[in-house]
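Asker: structure for the following, please:
(chains A and B)
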Amino acid sequence: MNKSHEADDNLSALLDGELSDQSAQLAIRQLSGDPAARARFAEYCAVGDLLRGHHNDLPDLTRKVMAALEDEPTVLAPVRKTPQRRPLLWLAAATCAAITWGLWSAVPRQENAVPLASLQTPAHPPADVMPYLAAHQDYAQAVLTVPEMHFTRVSLSREAR
Amino acid sequence: MRAAWLLLLCAASAQAAQPLPQAEAAVWLQKMADASRRMTYEGVFVMRQGDTMQTLSISNRPAGQGNDSRLVALDGNLREVRCSQTGAVTLVTDGSQVRTEKRLNSRHFPDLLPANPAALTNWYEVRLGEMARVAGLDCRNVEIQPKDAFRWGYILCAEKDSGLPLKAVLVNAGNQPLMQYAFAEIKLATQGYAMKPPSWPVPRPMLLPVLPEPARQLESEQVVARNLPPGYTRIAAVKRQLPNMRSEVEHWVFSDGLTHISLFLSPSDKPVDTVKGESPRGMVHLMRRQVGDFQATVLGDAPWPAVETIAMGLEPR
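Answerer: Prediction:
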């Protein structure tokens, strides 16, 4: 039990980047050989992303990790850190993204239940619509601002074409 | 006449919420339509559409067989609409420049009903609602409710003596407001108030600047509207040049007297995608499709079935 707690803490620390490079290497090695630990690690990643509200843009995780790294202050003084630290973080982030992306892709999405025939694709506003809306105001209401519109591309039945 | 009006008022209040018989409904509609044109009044009203709000001043007075009216936007860019029997113009002041454009029509609050509104009773039911107070004046709510799905309804608050609409709410089928107008302040000449001379230097009748005609009659028609919603007729069909557009377009207007739907036809040399458009609160609907060699754009402050019926009924002639 204690061992399992310790392992969980280790995973959590790996995700938070709190492990030393040596410990992180060890933890990743353990992850690759232990499917149960991998599943727990994936859960941690998913929970963390949900808490941060990042569940819709998981593919951007690596970009965000890199952006966060770039935000780190540049230290000009010589440092003791071994050069492996950044690639390791990269590896942890990539593993996390890959596993959680796999989990999220496996969850059935609500949109899939919509029959294909009823789908209407959003369309860009046609370029010349604003002058038409403005010209219509002559008959609608005076001195009004032209309303903002949302457009969808629709399919017509063959007879209607 | 006043006694008859009062009798009508009493009889009407006894049968609140029941649709008025058509003849009685027509009297109410005519009273409100006449008051907005033939009375002398000036005031300030607020227009609200979704998240947008505008404040406008209005002055109106009878002139000959018609009326002169002047609307000025009190917020944002200086915009003004002047309407007289000879036509209507919009003046937009942008910095030091004043742009003047001739309008094809001049429908505006509180003058929203057609000059002869009796025919509206075929397509709308009229119900009398509660008494209310708007801009310090007592008024009665008059609900104009569509009998079918091809038009929006209105709730007008008619000033208790004159019938002048002090408030107008455009409502959808669920009675949700789509657009609202209400006077914040109004002075009626019938209250013994002698209207000041207008502050703009215009002799009677109002003289509008001479401007090039914005539209010309169609020479030939290559598209036909085979199917119109009940009660709608074509009230205009012109060729006009629109700002920022290279060539002239045809502008047709269909109306039942209260709801207006425009059709714009322009030649198309490539296939046109069928597109449906809607304003955020669903007040304005639009449909664009190809009809023969034309791109047809149908739009209006009307429910989708009305716009769709017109758009799908278009055929090459």
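Asker: what stretches of chain A score poorly on pLDDT?
Answerer: In the predicted model of chain A, residues A:1-5, A:17, A:45-121, A:124-125, A:127, A:142-147, A:156-161 satisfy pLDDT under 70.
Asker: close to chain A: what parts of the stretch 151-300 of chain B are there?
Answerer: B:179, B:236, B:240, B:242-245, B:249, B:251, B:253, B:255, B:260, B:262, B:264, B:266, B:273-280, B:283-284, B:286, B:288-290, B:297, B:299-300 (CB under 8 Å from any CB of the partner chain). Glycine gets a C-beta too; all of them are placed from N, C-alpha and C.
Asker: for the lengthiest helix in chain B, packing partners?
Answerer: In chain B, taking DSSP state H as the definition, the longest helix is helix B:22-38. Packing partners of helix B:22-38 (3 or more CB pairs under 8 Å, 6 or more residues apart in numbering or on different chains; DSSP states H and E): helix B:2-14, strand B:52-63, strand B:66-73, strand B:124-134, strand B:137-146, strand B:153-159, strand B:165-171.
Asker: still on that earlier bit, which of the residues of the stretch 151-300 of chain B next to chain A count as buried?
Answerer: Buried by 16 or more other CB atoms under 10 Å in any protein chain shown: B:179, B:236, B:240, B:242, B:245, B:249, B:251, B:253, B:255, B:260, B:262, B:264, B:266, B:273-279, B:283-284, B:286, B:288-290, B:297, B:299-300, out of these.
Asker: can you give me the strands in the stretch 201-317 of chain B?
Answerer: Assigned by DSSP state E, counting those that start in this stretch, the strands in the stretch 201-317 of chain B fall at B:215-217, B:223-225, B:233-240, B:249-255, B:260-267, B:275-278, B:285-291, B:294-300, B:314-316.
Asker: what's the neighbour count on the residue of the stretch 1-150 of chain B at minimum distance from chain A?
Answerer: The nearest approach of the stretch 1-150 of chain B to chain A comes at B:His108, 3.7 Å away (CB to the nearest CB). Using other CB atoms under 10 Å in any protein chain shown, the number of residues around B:His108 comes to 25.
Asker: I'd guessed it sits against B:Val72; true?
Answerer: No - taking contacts as CB atoms under 8 Å, B:His108 lies outside contact range of B:Val72: 11.6 Å.
Asker: what lines up beside the strand ranked longest in chain A in the sheet?
Answerer: Secondary structure assigned by DSSP state E gives strand A:150-153 as the longest strand of chain A. Strand A:150-153 has the following strand partners under DSSP bridges: strand A:121-122 (antiparallel), strand B:275-278 (antiparallel).
Asker: of these, which is nearest A:Ser32?
Answerer: Among these, strand A:121-122 comes nearest to A:Ser32, with 42.5 Å by CB to CB.
Asker: okay, and the beta partners of B:Arg61?
Answerer: Under DSSP bridges, the beta-bridge partners of B:Arg61 are B:Asp68.
Asker: tell me the confidence at it?
Answerer: Looking at B:Arg61, its pLDDT is 88.
Asker: how about A:Gln25, secondary structure?
Answerer: Following DSSP: H, G, I helix; E, B strand; the rest coil, we place A:Gln25 in the helix state.
Asker: can you tell me the element A:Asp8 falls in?
Answerer: Using DSSP states H and E, A:Asp8 maps to helix A:2-15.
Asker: show me the contacts for B:Gly313.
Answerer: By CB atoms under 8 Å, 6 or more residues apart in numbering or on different chains, B:Gly313 lies in contact with B:225-228.
Asker: pull out the buried members of these.
Answerer: Using 16+ other CB under 10 Å, the buried members of the contacts of B:Gly313 are B:225, B:228.
Asker: which among the contacts of B:Gly313 gets closest to B:Ala189?
Answerer: Of the contacts of B:Gly313, the one sitting nearest to B:Ala189 (CB to CB) turns out to be B:Leu228, at 40.3 Å.
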